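*Asks:* the following block contains a protein sequence and its predicted model.
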Amino acid sequence: MNNLEYIKERYSKLPDVSDLNGLGVIRQKAFDALNTMGIPTTRHEEWKYTRIGSFFNKEYKYQAGQSAVTAADLASVRLPGYEQANELVYINGRYVPELSVIRSKGLTVQPLQEAASNEYRDIVAKHLGHSSNYLKDGIMALNTAFVQDGMFVHVKKGQIIEHPIYIYNITDAREANVLSQPRTLVYVGENAQVKFVETFNTLGTQESFTNRVIEIVVEKDAITEYYKIQTDASHASQVATTHIQQIGKSYTHTVTVSLNYGLVRNNLNIVLDEQYCEAHLYGIYLQQGQSHIDNHTVVDHAKPHCESNELYKGMLDDQSTGVFNGKIFVRQDAQKTNAYQSNKNVLLAEGASVNTKPQLEIFADDVKCSHGCTIGRLDEESLFYLRSRGITESTARSLLLHGFAVDILEQIKIDPIREYVDKLISERLEFDLA
Amino acid sequence: MLSIHNLHASIDEKKILKGINLEIKPGEVHAIMGPNGSGKSTLASVLAGRENYEVTEGTVEFAGKDLLELSPEERAGEGLFLAFQYPVEIPGLSTTNFIKTAVNEVRKYRGEEPLDAVAFLKLMKEKMAQTHIDQSLLSRSLNEGFSGGEKKRNEVFQMAMLQPKLAILDETDSGLDIDAIRIVANGVNKLRSKDNAVLLVTHYQRLLDYIVPDFVHVLYNGRIVKSGPKELALELEERGYDFIKNEFKVEA
């Protein structure tokens, strides 16, 4: 039985829809959509350069119920600064409260099924699944079909969450190939401030495929930082969707760091749904071996006077491949929009390639928008300059590449995380800046 | 220290250097002058090991080694330094980190231990004072957004840090006003000693008011057509390059 049929069978065994406080409708619609659309192939415009079909042609275990992940396993993947962080642990797609740590007041984490029926039900009803308006494909639908296993994170109005929230997505692939589908809805209340750091780790040597969706709703005067750190092994692949809806005048700041991995597809959507919103999106990817990175971003300027600023930088070596697709919508209402987008790539080997495609769709007439992309090699004159000072060629290359990444690294505003990412990048570039 | 014999070099099949002969001994300052397009910068580039030039004939011996066989970094390790006409801007790499890496890589090449943080800082402070460069400039990305004068001062600072046997200054005066030239020249003069040598490549005489050469060579059409004492520079300044051009028209 292939993965997709197996998943459909799993779906048929889910508990009765009437128990789910409205989630049942969402999941049934998604399941129907999955049946209609199937897993996207490269014939799908948004999936032209990224093939995920093969992950559904072999056997995977789904969400494997009984996991043997221990505190010791968790310790091996913990991020620096965890002693001062809230930690949310998902194993094979399911939230594990026993391993998680909630330190901050005003931070509530509970199953979506509960939230859908208690005081949060209006929030859930209103915002859960908003991402499906933007991502109309079978892989998104597949996650939503299992939405009842998802979690709800609530940040109370006016709360400044001092401790960053570390989200660990751990896949236990020690026994079998594993497919996991974490799903989270985050609500950041008015005037609240919060920082998220999300990572992905596969335990064991079997394959893992993660299809994860996080939707973040940001209220008026709230500030949200979100850092996605992707450094998993080459036998791990994922489609990771981050959907941010700024429903009040608010500020968001995201950095996506992707290093190696097997195949990664990131969807990052920012919907600027109220006037005077501001969004900053940064990304850095360093790919080696046969790895594949695909960053699809959407910034939707739905209201006037909003500002978005996007910069993604990539370094591709060996036979790695990259995709950048950055869409900016400026709706008819969204006058005085300020939107900036840039994607810069350095190819380090003959066999490496990248496809980059900026897309602007502007329906308003009084806006400032710019976009651009570059694909190049390391500058020969810069290399010569460094070498003429006695620096060996390999060190010179590393210094230049590290320098290329620095302005993105500087956007990581949690010190231990920035240092950690800097170290990972330096290690991969094989240099040590004493 | 440096012996150039019958050096020919070309770029994209175009012959630029057509038989250069030059001998530089420790303690000497040589100036290479010449009109635009005569091959001055090519000579500097070939000596430093810029890869897009092809040496087709001749030999260059530096400190007893066949210079042309060495990579740019090995040449630096042997004690050769090129101050660039157009120093490159490197975003995301601070001058401090850059020069620290350079100093220690050169030390490694020479089989010396890397400088520890204290020793490096001490050396840096001393050379900063010597070349009139301040910390704020060194903390910034290498040359990024620097003025012309700041870039050239940074070149001289790097030279001071690396203490080369032979420093080649490629049009270091170009684009600088007289005050900036004086600062740069002072920096260079402080580094002069009986053990090291300087090769100045320049179009104008004015730098030579501040760094007084022992020998002046006129490069024209890929050859050194005239050599003489420092007064030759003054003659060139007075008469312009036309008299050289006329004298050697046949070969142009």
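*Replies:* Done, it's in.
*Asks:* only C-alpha atoms for contact and neighbour calcs from this point on.
*Replies:* Fine.
*Asks:* mind giving me the packing neighbours of the helix or strand of chain B with the lowest mean pLDDT?
*Replies:* Using mean pLDDT, DSSP states H and E, the weakest-scoring helix or strand in chain B turns out to be helix B:242-247, at a mean of 77. Under the contact definition 3 or more Cα pairs under 8 Å, 6 or more residues apart in numbering or on different chains; DSSP states H and E, helix B:242-247 sits against no other helix or strand.
*Asks:* pretty sure B:Gly27 sits against B:Leu191.
*Replies:* No - the pair B:Gly27 / B:Leu191 is not scored as a contact, 10.7 Å apart, by Cα atoms under 8 Å.
*Asks:* the more surrounded of the two?
*Replies:* When neighbours are counted by other Cα atoms under 10 Å in any protein chain shown, B:Gly27 and B:Leu191 differ, and B:Leu191 comes out ahead with 20 against 17.
*Asks:* which residue is the nearest non-sequential neighbour of the more buried one?
*Replies:* Spatial nearest neighbour of B:Leu191, chain neighbours left out: B:Ala160 (6.7 Å); criterion: Cα to Cα, 6 or more residues apart in numbering or on different chains.
*Asks:* which neighbouring elements make contact with the helix or strand containing the one you found?
*Replies:* Assigned by DSSP states H and E, B:Ala160 falls within helix B:148-162. Applying 3+ Cα pairs under 8 Å, 6+ apart, we find helix B:148-162 packed against strand B:80-83, helix B:95-109, helix B:117-130, helix B:178-191.
*Asks:* I'd like the next helix or strand past that helix.
*Replies:* Following helix B:148-162 in sequence, per DSSP H and E, is strand B:166-170.
*Asks:* and that next one, does that touch chain A?
*Replies:* No - shown here: strand B:166-170 not in contact with chain A (Cα under 8 Å from any Cα of the partner chain), separated by at least 11.5 Å.
*Asks:* ramachandran angles for residue 144?
*Replies:* No chain was given, so I picked chain A. With angles defined as degrees, to the nearest 10, A:Thr144 sits at phi -70, psi -30.
*Asks:* circling back to that earlier point, looking at the helices and strands packed on helix B:148-162, which is buried most?
*Replies:* When the helices and strands packed on helix B:148-162 are scored by mean count of other Cα atoms under 10 Å in any protein chain shown, the highest mean neighbour count falls to strand B:80-83 (a mean of 28).
*Asks:* quick one: strands adjacent to that strand?
*Replies:* Each strand paired with strand B:80-83, and its direction, by DSSP bridges: strand B:166-170 (parallel).
*Asks:* pull out the buried positions in the least confident helix or strand of chain B.
*Replies:* Applying a neighbour-count criterion of 16 or more other Cα atoms under 10 Å in any protein chain shown, the buried positions in helix B:242-247 are B:244-245.
*Asks:* that one: how far from the chain's middle?
*Replies:* 26 Å (Cα atoms, centre = their mean, to the nearest Å).
*Asks:* can I get that helix as PDB, trimmed to CA atoms?
*Replies:* C-alpha atoms of helix B:242-247 as PDB (Å, rounded to 0.1, in the frame of the first residue of the first chain):
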ATOM      1  CA  ASP B 242      54.800  63.100 -25.100                       C
ATOM      2  CA  PHE B 243      58.500  63.300 -25.400                       C
ATOM      3  CA  ILE B 244      58.700  59.700 -24.400                       C
ATOM      4  CA  LYS B 245      56.100  58.800 -26.900                       C
ATOM      5  CA  ASN B 246      57.800  60.700 -29.700                       C
ATOM      6  CA  GLU B 247      61.200  59.200 -28.900                       C
END
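*Asks:* need the residues of chain B near chain A, please.
*Replies:* So chain B meets chain A at B:48-50, B:72-77, B:81-82, B:87-93, B:97, B:101-103, B:105-106, B:162 (Cα under 8 Å from any Cα).
*Asks:* in the stretch 151-300 of chain A, which residue sits nearest chain B?
*Replies:* A:Ile284 (14.1 Å; Cα to the nearest Cα).
*Asks:* check which helix or strand covers that residue.
*Replies:* Secondary structure (DSSP H and E) places A:Ile284 in strand A:278-287.
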